[in-house]
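Peer 1: what follows is a protein structure lacking sequence information:
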């Protein structure tokens, strides 16, 4: 496999890990309302006989900094959405008026903020490990190519250096995302 293909494949895996972390951070509740908190929530809809994401069933908006409003496309799915929110781990009780659901986002306690910060740090470390695993796999591939004679020693060294640069780039990206979310959680 050519050197640039190994690097591209490695970078692709690291990009996926970073994107996954970014999407996971959207689901972590802060004191501020965000539709990302509920948009990927799975809702079993008895009327349709299937499970759908909340984003597929309703319009989501945040008219106020501490309120999420959910307006179902089909009013018949309102109860299913309500049940799914209550069963989820977001810890917000839905308020329904028969047409829309309001989710008031309460401020976080200091203890809860610290728990969430610990949680996102663990998530970040998991993604850093995924990035390092991608680096390890790419380096193994470079070693195999070098052993088989398809890559010269200089090319193999250059490729390892490039892979290390890519790794550091994505680890910095994870750190930036973690820092931004931590700062957001610490705001009162």
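Peer 2: Structure received. Computed from a prediction, not measured in an experiment: that's the story for all the values here.

Peer 1: can we go C-alpha only for contacts and neighbour counts from here?
Peer 2: OK.

Peer 1: okay, buried residues for the helix or strand residue 140 falls within please.
Peer 2: Assigning secondary structure by DSSP states H and E places residue 140 in helix 110-148. Residues 113, 116-117, 120-121, 123-125, 127-128, 130-136, 138-139, 141-143, 145-146 are the ones in helix 110-148 that count as buried (16 or more other Cα atoms under 10 Å).

Peer 1: ok, now how distant is residue 143 from residue 103?
Peer 2: With distances defined as Cα to Cα, to the nearest Å, the gap from residue 143 to residue 103 amounts to 54 Å.

Peer 1: tell me how far the very next helix or strand once past the helix holding residue 140 lies from the chain's centre.
Peer 2: Using DSSP H and E, the next helix or strand after helix 110-148 towards the C-terminus is helix 153-186. On the basis of Cα atoms, centre = their mean, to the nearest Å, helix 153-186 sits 17 Å off its chain's mean C-alpha point.

Peer 1: counting contacts, what elements does helix 153-186 pack onto?
Peer 2: Helices and strands touching helix 153-186, by 3 or more Cα pairs under 8 Å, 6 or more residues apart in numbering; DSSP states H and E, are helix 3-26, helix 110-148.

Peer 1: pipe those helices into CSV and attach distance to residue 35 and mean pLDDT per row.
Peer 2: Converted to CSV, the helices and strands packed on helix 153-186 look like this (distance: least, Cα to Cα, whole Å; pLDDT from 0 to 100):
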stretch, distance to residue 35, mean pLDDT
helix 3-26, 9, 90
helix 110-148, 18, 91
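
Peer 1: apart from its chain neighbours, what residue comes closest to residue 121?
Peer 2: Nearest-residue entry for residue 121: residue 178, 7.0 Å, with adjacent residues in sequence omitted and distances by Cα to Cα, 6 or more residues apart in numbering.

Peer 1: my guess is that neighbour meets residue 123, correct?
Peer 2: No - because the distance of 9.1 Å does not satisfy Cα atoms under 8 Å, residue 178 is recorded as not touching residue 123.

Peer 1: thinking again about what came up before, what about the helices and strands packed on helix 153-186, which gets the closest to residue 89?
Peer 2: The closest approach between residue 89 and any of the helices and strands packed on helix 153-186, judged by Cα to Cα, belongs to helix 110-148 at 12.9 Å.

Peer 1: quick one: that closest one to helix 153-186, angle?
Peer 2: With axes from the mean of the first three to the mean of the last three Cα atoms, to 10 degrees as the criterion, the two stretches helix 110-148 and helix 153-186 enclose an angle of 170 degrees.

Peer 1: check which helices and strands helix 110-148 sits against.
Peer 2: Applying 3+ Cα pairs under 8 Å, 6+ apart, we find helix 110-148 packed against helix 3-26, helix 153-186.
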